[in-house]
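> Here's my sequence, what's the structure:
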Amino acid sequence: MAMNCAYHPEREAVGACVNCGKLVCDECKVVLTGKNYCNSCANKIILGEPETRVSAPETQRASVGRLEGQQVNNVVQEMVTQRLLEGKDKKKIVEELVKGGWTKESATQYFDNLELQFKQSPEGRQRLASNYKRHMLYGVLWVVGGVIATMVIEGWFFWGAVVFGAIDFFRGFFGWLKYR
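Model prediction:
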């Protein structure tokens, strides 16, 4: 009797995660230091959570993308991309990779390459433009809310919200123009 993947019940499993025991198909399997992991456990390992960190030589962990090929790189790439969309700065993302076992130099170089690829790709530009549209919307809401609150209370109390909203709107507008 064939056993199926925990994440794709319609697919046959090709192995089990050595960390959590879930069955995984070829698409879900991530190989780190010669062992099979599910995407969730591999992500925890790459991000460096102490209870799941793989014991590998420091030089081997220094460049996770080099460990076992493209699957690990995809997990790290998605994590870095998500952090970029969340608005985290380069320093925080590089620190996160270093906590996961990367050297600072390799983490910085990986981030720079990935950021450039992301900003040049159609999907990346679309996601960044969408993110900047959200800043424009929030900026307008802050301005309108600040103006209404100031008019209702009849004072200068909420002009800070108007200024903040205007700054956020223009930040979003110029970012949207850049990536649309």
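> The residue nearest the centre of the chain: which element?
With distances taken as C-alpha atoms, centre = their mean, residue 82 lies nearest the centre of the chain, 2.0 Å away. Here residue 82 sits within helix 70-85, counting by DSSP states H and E.
> go on, residue 107?
Going by DSSP H and E, residue 107 is part of helix 104-120.
> tell me the mean pLDDT over the helix or strand following that helix?
As assigned by DSSP H and E, the chain's next helix or strand after helix 104-120 is helix 122-153. Averaged across helix 122-153, the pLDDT comes to 89.
> Mind giving me the packing neighbours of helix 122-153?
Secondary-structure packing of helix 122-153 (3 or more C-beta pairs under 8 Å, 6 or more residues apart in numbering; DSSP states H and E): helix 70-85, helix 104-120, helix 159-179. Quick note: C-beta positions are derived from backbone N, CA and C, even for glycine.
> hmm, 6 Å instead?
Secondary-structure packing of helix 122-153 (3 or more C-beta pairs under 6 Å, 6 or more residues apart in numbering; DSSP states H and E): helix 159-179.
> quick one: the residue in the chain sticking out farthest from the centre from residue 143, how far?
Largest separation from the mean C-alpha position in the chain: residue 154, at 43.9 Å (C-alpha atoms, centre = their mean). Noted for residue 154: a distance of 18 Å to residue 143, by C-beta to C-beta, to the nearest Å.
> repeat for residue 178
22 Å.
> More neighbours: the two, which one.
Neighbours per residue, other C-beta atoms under 10 Å: of residue 178 and residue 143, the larger number sits with residue 143, 19 against 12.
> need the contact list for the more buried one.
Residues in contact with residue 143 (C-beta atoms under 6 Å, 6 or more residues apart in numbering) are 162, 165, 166.
> And the pLDDT for the last one?
Note for residue 166: predicted pLDDT of 95.
> nearest residue to it other than its sequence neighbours?
Nearest residue to residue 166, sequence neighbours excluded (C-beta to C-beta, 6 or more residues apart in numbering): residue 143, at 5.9 Å.
> Which strand or helix spans residue 36?
Here residue 36 is assigned to strand 35-37, by DSSP H and E.
> Scan the contacts of residue 143 and report the most crowded one.
residue 165 leads those on contacts (other C-beta under 10 Å) with 20 neighbours.
> Pretty sure that residue sits against residue 145.
No: with contacts counted by C-beta atoms under 6 Å, residue 165 stays clear of residue 145, the gap being 7.6 Å.
> Fine by me, thanks again.
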